[in-house]
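# fold the stuff below for me.
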Amino acid sequence: MTEVRPPAVPTAALWERDEEVAAITEAVDTLCADRSSPGGLLVLRGEAGLGKTALLAETRRIAEQRGCTVWSARGGETLRSVPFNVVRQLLQPALVSMLPEEAREYLGDWYDIAGPALGIADPGEGHADPRGVCEGLVAAVRRLARRDWPLVLLIDDAHWADQETLRWLASFAERLVDLSVLVVIARRPGEISGASARYLDAVAADRPVTTLSALTPEATAGLTRAALGENADAAFCREVWAVTGGNPYETVELLAKVQDSELEPVEAHAGELRDLNRSARGGGLVERLEELGIDATRFAWAAAILGNDITVGLVARLATLDVDAAARCAELLRGARILTAPDPSTTGRSAPADLEFVHPLIATAVYNSIPDALRRAMHGIAARIVTDSGHGAAAAARHLLEVHPDDDEELVWQLREAAREHLAVGAPDAARRCLERALEEPPRPEVHAQVLYELGCATFLTAPARTIGHLRAALGMPGLDGDRRVDAVVRLSQALLHNDQLEEAVRTVEAEAARLEPGPAQMRLRTVQFMWEGIHAGEAASPGRSERLAELAATCTGRDNSERALLIVRGFDAMMRGENAEEIVEICDRALVNGRLAPGLGWTDSEWGVELLLMLADAYAYTDRLDRAESLYNEALHAYDTAGWSGGHLALAHAYVGLGHRRRGRLEAAEAELRESLRLAERVGRGLPLYWTATCNLVDTLLARGHVDEAWAVAEQHDFAPPYPSTIVLPDPRSVRGRLLLAVGRVQEGVNELEEAQKAAAARGHHNPVHVFWAADLARALATEDPARAARLAVDVRRQAERFGTDTAIGEALRVAAALETGQRAVRLAAQAVTFLESSPCQYEHAVARVEYGILARSVPDLERGLALARSCGADGLVKRAREELKAGGGPR
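Model prediction:
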C-alpha cells in the first residue's frame with residue numbers, strides 16, 4: 001500500500017490496490033508478449049466486500065485495452081448444485097456464436113463428450129465419464145485459446161462455483177504451463193468444504209495467492225472526503241472506518257446512506273453512522289426492504305429464488321404480480337440499491353437478464369429472510385415455471401431439491417429424470433443429490449428399490465462404498481426383479497471388488513445364483529462368481545473350482561453372451577494354470593463372433609465390465625497370440641478415448657497396451673504407455689488394482705531395458721512391495737519384485753521373495769511359467785549356492801513349459817537349463833532356446849537368447865544379430881551387459 005489516494009482510480013474499491021493492479025498488469029503484459037507465452041493464474045482472496053469484483057473489472061479493462069479476448073463467469077450461492085454452471089457461463093457465449101458445424105470442428109473428437117456438459121450438444125443415452133468430460137472441457141479451452149489469443153478468463157465468487165466446474169478448473173490449472181491463457185480467480189476464504197474445497201485448493205497449489213486487506217483509516221478518510229466533500233472532519237472519517245472495518249463495499253454503501261439522509265459529516269453526527277450502517281446489511285436491510293411494501297418484498301424474494309438471469313416477466317410469474325406492478329417494484333428496488341441493471345461485460349449469461357443484486361451480500365440477506373415454508377413453496381413454483389418453459393428436469397433440479405418432502409410421486413419422477421440427465425452429461429454427484437432427495441420424499445414402496453438402485457449406479461464411479469450400501473438396501477426390499485435385480489447384484493459385486501472386498505463380492509453373486517433356476521440369469525451370475533474367484537489372489541483357490549468351471553464351459557457353444565463370458569473365464573483360468581495353449585486359444589475363439597467381440601460385450605458396455613475382456617486379451621497375450629491381444633488392447637484404448645473415459649478404465653487400457661508392447665519387445669513404447677497409465681492411476685487412487693498393474697509392468701519393463709536404478713526408484717516411489725493386492729496382477733508382482741531385488745544385489749531378499757511367489761502360485765494352482773516366472777529366476781539365483789535345487793527347479797520349469805506348449809515358454813525354459821550347464825551341453829541348450837524364441841512373437845526374449853548363445857558359442861554373427869535385435873527393442877542395458885561379459889571372458893572367436 002503505497003498511496004492514500006491513488007490518482008485516477010476508476011472505482012472506490014480500487015483504493016490501496018496499487019500492488020494488486022500492478023501484478024495484474026504484469027500478468028496481462030506477459031500473456032500478450034508472444035503466442036508461446038506460458039499461461040498464468042492469479043488468485044484474489046478476500047472477505048466479502050473487499051473489492052475482488054472491482055479488481056476483476058479492472059483486469060478486464062487492462063486486458064481489453066491490450067486487445068485481449070476476455071470471458072468471465074460468476075459462482076452463485078444458490079446455484080452450486082447446478083453442474084457445469086460456471087464453465088458454461090465462460091465458454092457458452094463463444095461456442096453458441098458458432099454454427100454447429102464450426103463448434104464440432106473446433107472441438108473435434110471432444111464435441112460429443114464436452115458438448116453436452118456445455119449445453120451445445122444433446123447428451124447420449126449412457127453415463128458420461130466425469131473425468132472424460134473434464135478432459136474434454138480442458139481440450140475445448142485449449143482449442144479456443146488458439147483461436148482467441150490472447151485469452152483472459154475471469155471467475156468471480158469461485159467459492160460458490162459448482163463442483164463440476166471446480167474439478168475442471170483444477171485440471172485446467174495443471175496445464176497452464178503449455179497454454180497461453182491467463183486465469184484470474186476471486187474467492188472468499190472458507191465458504192466451501194468437501195470435494196469442492198479440495199479442487200479449489202488444488203487450483204492455487206504452489207501459486208502465490210493475493211490476500212486482500214481492508215482499507216486503512218487514511219484511505220477511508222480519503223474515500224469519505226471524495227464522496228462527501230473536503231469538509232468531512234477527521235473524527236467523522238475515523239468513525240466511518242471504525243463502523244465499516246475498512247470494508248470498501250460497506251464504506252461506499254454507508255457513504256451513500258449519509259448522502260441520502262443529508263447528514264453533515266462532522267463529529268457531532270458520527271454517532272448516527274452505526275444505525276445507518278445497520279440498515280444497509282442483515283436485519284437492517286430486511287427492515288428497509290419491508291418498508292418498500294409487500295409487493296416489492298415479494299419481488300425481491302422471487303429474484304433471490306431465481307438467483308441469476310432475473311427478468312421482470314419471470315419474477316412477476318413467480319411472485320404472482322402483474323407486469324406493471326412488477327415493473328414498479330423493480331424501479332423501487334433499483335432506487336433502494338438492492339437491485340441494479342446488470343453490466344453485460346462482467347459475466348457470461350445463459351439468458352438475457354434485466355436485473356441483478358447490487359452485491360452478493362444483499363442477495364444472501366434477502367434469500368435468508370424468506371420464511372422457510374414460503375421459500376420451499378416458491379422453489380416449487382420456480383421448478384414448474386422452468387419445466388413449463390420447455391426446459392428439462394435437470395434445469396429445474398436446483399429448485400426441486402429445495403421443495404419440502406410431501407410424498408409427491410411426480411416430484412420423485414422429476415428428480416429421477418433429472419438424475420438421468422445429469423449422468424448423461426458427466427455429473428454423477430449432481431445425480432446423487434437428486435436421488436438422495438427423491439428418497440426423502442419418499443418414493444412409493446413399489447419404486448423405492450428402483451431409486452436406491454439408480455442411486456447405487458450414480459455413485460458407482462465416485463464412491464463405491466456408498467454404492468454398496470445403496471444396492472444392498474435395494475436388494476433387501478421388494479420392487480427389484482428379473483434382469484434389473486441380477487444387474488444390481490453384479491454391480492454390487494463390482495463395487496465390493498473396487499472397495500477391495502473381493503471375498504464378499506464372490507459370496508454375493510454365489511448366494512444370488514443359488515436362489516435362481518437354471519437359465520441365462522443364473523449363468524451370468526455363476527460366470528461373475530467364477531470371474532471374481534479367478535482374479536482373487538487369496539491364499540488358496542476354492543476346492544474344485546477349475547474343474548467345475550471346465551465342466552460347465554464344456555457345455556457352452558457361445559450362443560449368447562452369458563456363455564461367451566463363461567468361455568472367456570475358462571480360457572483365462574486355463575492360461576493361469578498353464579494348460580495347453582492351443583486348447584486355451586480354441587476356447588477363447590469360441591467366445592468371439594466372426595473373430596470379434598459380440599454385441600453387448602464391448603469395452604464400454606456396462607453389463608459385464610472391463611475385467612472380463614481383459615481376461616480374454618491376457619489369455620491371448622500369454623499364449624503367444626499377441627496379434628489378437630494387441631488388437632483387443634488397442635480397441636480398448638480407442639473405445640475409452642472416444643467415449644471420454646479418462647479415469648481408471650483409461651489407465652488400465654494404457655497399462656495393457658504397454659503390456660502388449662512389453663511382450664512384443666517394444667520396450668521404449670511400453671515404458672511410455674506405462675508411465676501414462678501410472679500418471680492416470682495416481683489421479684484415481686493409490687493401492688487400487690489398476691495402480692498395481694501400472695507399477696508392476698513399469699518395473700518389469702525398466703528391468704528388461706536394463707534400467708535397474710530407475711526400476712528401483714519407481715518401486716520405492718510407488719510402494720511396489722508387500723502387502724500385495726487381493727486381485728491378480730499380470731505379470732506376477734512377487735516374481736517381478738524378486739527379480740528386482742536380485743538385480744539390485746539384494747540376493748537373499750530376492751530369493752525369499754521368489755520363494756513366497758512359489759507358495760502363492762502353488763496355493764492358487766498357477767503353473768504358467770511365463771507370467772509366474774519365479775522358478776526360472778530362483779533357479780539362476782541358486783545355481784552356485786544350491787545347484788541341486790536349482791537343477792530341480794529348471795526341470796520343473798521345462799516340464800511346465802512343455803505342458804503349456806508355447807514357443808516363448810519352451811524357449812525361456814531352455815535358457816534356464818543352459819544357464820545351469822557348462823561346455824557344449826550349455827551351447828546346445830542355448831541353441832535350442834534360440835530356435836524356439838526365434839519363432840516366438842516376444843522379440844526381447846529372442847534377443848536375450850541370441851546374445852547368450854553368441855557368447856557361449858563364441859559366434860560373432862549370432863552375437864551381432866542379438867545385439868542389433870536388443871537395440872531395436874530398446875534394451876540398451878542388455879547390450880551393455882553383453883559387452884561387459886565379453887570383455888571379462890575374452891570375447892567370441
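# any idea which helix or strand carries the residue nearest in space to the middle of the chain?
Centroid-nearest residue in the chain, with C-alpha atoms, centre = their mean: residue 131, separated by 3.7 Å. Remark: residue 131 resides in helix 130-147, with elements defined by DSSP states H and E.
# next, count neighbours for residue 622.
Per other C-beta atoms under 10 Å, the neighbour tally for residue 622 reads 27. In short, each C-beta sits where N, CA and C put it, glycine included.
# for residue 627, same thing?
Using other C-beta under 10 Å, residue 627 has 11 other residues around it.
# again, but for residue 211
Residues lying near residue 211 (other C-beta under 10 Å) number 12.
# cool, and residue 66?
Neighbour count for residue 66, taken as other C-beta under 10 Å: 13.
# state the distance from it to residue 664.
Between residue 66 and residue 664 the distance, using C-beta to C-beta, to the nearest Å, works out to 53 Å.
# run through who's touching stretch 868-880.
Here stretch 868-880 makes contact (C-beta atoms under 8 Å, 6 or more residues apart in numbering) with 665-669, 671, 704-708, 843-844, 846-848, 850-851, 867, 882.
# now do the same end-to-end measure for it.
One end of stretch 868-880 to the other measures 12 Å (C-alpha to C-alpha, to the nearest Å).
# helix/strand/coil for residue 656?
Using DSSP: H, G, I helix; E, B strand; the rest coil as the criterion, the local structure at residue 656 reads helix.
# just the buried residues of stretch 306-316, please?
Across stretch 306-316, burial judged by 16 or more other C-beta atoms under 10 Å covers 306-308, 310-312, 314-316.
# centre of the chain to it, how far?
Its chain's C-alpha centre and that of stretch 306-316 lie 35 Å apart, by C-alpha atoms, centre = their mean, to the nearest Å.
# next: stretch 823-837.
Averaged C-alpha coordinates place stretch 823-837 at 50 Å from its chain's average position (C-alpha atoms, centre = their mean).
# list the buried residues in it.
For stretch 823-837, by 16+ other C-beta under 10 Å, it's 826-834, 836-837.
# picking that back up, mind putting the buried residues of stretch 306-316 into TSV with distance to residue 223 and secondary structure?
What follows is these, written out as TSV (distance: C-beta to C-beta, whole Å; DSSP: H, G, I helix; E, B strand; the rest coil):
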residue	distance to residue 223	secondary structure
306	33	helix
307	31	coil
308	30	coil
310	30	strand
311	34	coil
312	34	helix
314	37	helix
315	34	helix
316	38	helix
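# and these as TSV, adding distance to residue 610 and pLDDT?
Listed next are those as TSV, based on distance: C-beta to C-beta, whole Å; pLDDT from 0 to 100:
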residue	distance to residue 610	pLDDT
306	44	91
307	41	86
308	40	79
310	47	87
311	48	89
312	53	91
314	46	90
315	50	91
316	53	92
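# show me which of these is closest to residue 364.
Distance to residue 364 across those (C-beta to C-beta) is lowest for residue 307, with 10.8 Å.
# and the residue of the chain most remote from its centre, helix, strand or coil?
For the chain, the largest distance from the centre (C-alpha atoms, centre = their mean) belongs to residue 268, which lies 61.8 Å off. Here residue 268 is recorded as helix under three-state DSSP.
# and it, how far is that from residue 233?
Per C-beta to C-beta, residue 268 is found 9 Å from residue 233.
# what touches both of these two?
In contact with both residue 268 and residue 233: no residue, using C-beta under 8 Å, 6+ apart.
# follow-up on the earlier one: among the contacts of stretch 868-880, name the ones in helices.
Mapping the contacts of stretch 868-880 onto helices (DSSP state H) picks out 667-669, 671, 704-705, 708, 843-844, 846-848, 850-851, 867, 882.
# ends of stretch 725-736, what's the gap?
Taking C-alpha to C-alpha, stretch 725-736 runs 14 Å from one end to the other.
# burial of the nearest residue to residue 462 once chain neighbours are set aside, as a residue count?
Excluding the flanking residues, the one nearest residue 462 by C-beta to C-beta, 6 or more residues apart in numbering is residue 428, at 5.4 Å. Other residues within reach of residue 428 by the criterion other C-beta under 10 Å amount to 23.
# try residue 746
14.
# does the nearest residue to residue 135 once chain neighbours are set aside count as helix, strand or coil?
Distance criterion C-beta to C-beta, 6+ apart; nearest residue to residue 135, sequence neighbours excluded, is residue 646 at 4.6 Å. Assigned with three-state DSSP, residue 646 falls in the coil class.
# in contact with residue 646, which residues?
Taking C-beta under 8 Å, 6+ apart, we find residue 646 in contact with 129, 131-132, 134-135, 640, 680.
# contacts for the helix or strand hosting residue 551, please.
Element membership for residue 551 (DSSP H and E) is helix 545-553. With contact meaning C-beta under 8 Å, 6+ apart, helix 545-553 is reached by 526, 530, 533, 566-567, 569-570, 573-574, 577, 587, 765.
# got the contacts of residue 646 as a markdown table, with distance to residue 196 and pLDDT columns?
Output for the contacts of residue 646, formatted as a markdown table (distance: C-beta to C-beta, whole Å; pLDDT from 0 to 100):
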| residue | distance to residue 196 | pLDDT |
| --- | --- | --- |
| 129 | 20 | 80 |
| 131 | 16 | 80 |
| 132 | 20 | 81 |
| 134 | 14 | 86 |
| 135 | 19 | 84 |
| 640 | 27 | 86 |
| 680 | 22 | 89 |
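# mind listing the strands the host helix or strand of residue 43 pairs with, and their directions?
With secondary structure defined by DSSP H and E, residue 43 is part of strand 40-45. In the sheet, strand 40-45 lines up against strand 181-187 (parallel), strand 209-211 (parallel) (DSSP bridges).
# buried set for the helix or strand following it?
Downstream of strand 40-45, the first helix or strand assigned by DSSP H and E is helix 52-65. For helix 52-65, the buried set under the neighbour-count rule, 16+ other C-beta under 10 Å, comprises 52-60, 62-63.
# and the next helix or strand after helix 52-65, what other elements does it pack with?
Later in the chain than helix 52-65, the nearest helix or strand by DSSP H and E is strand 69-74. Packing partners of strand 69-74 (3 or more C-beta pairs under 8 Å, 6 or more residues apart in numbering; DSSP states H and E): helix 52-65, helix 85-96, strand 151-156.
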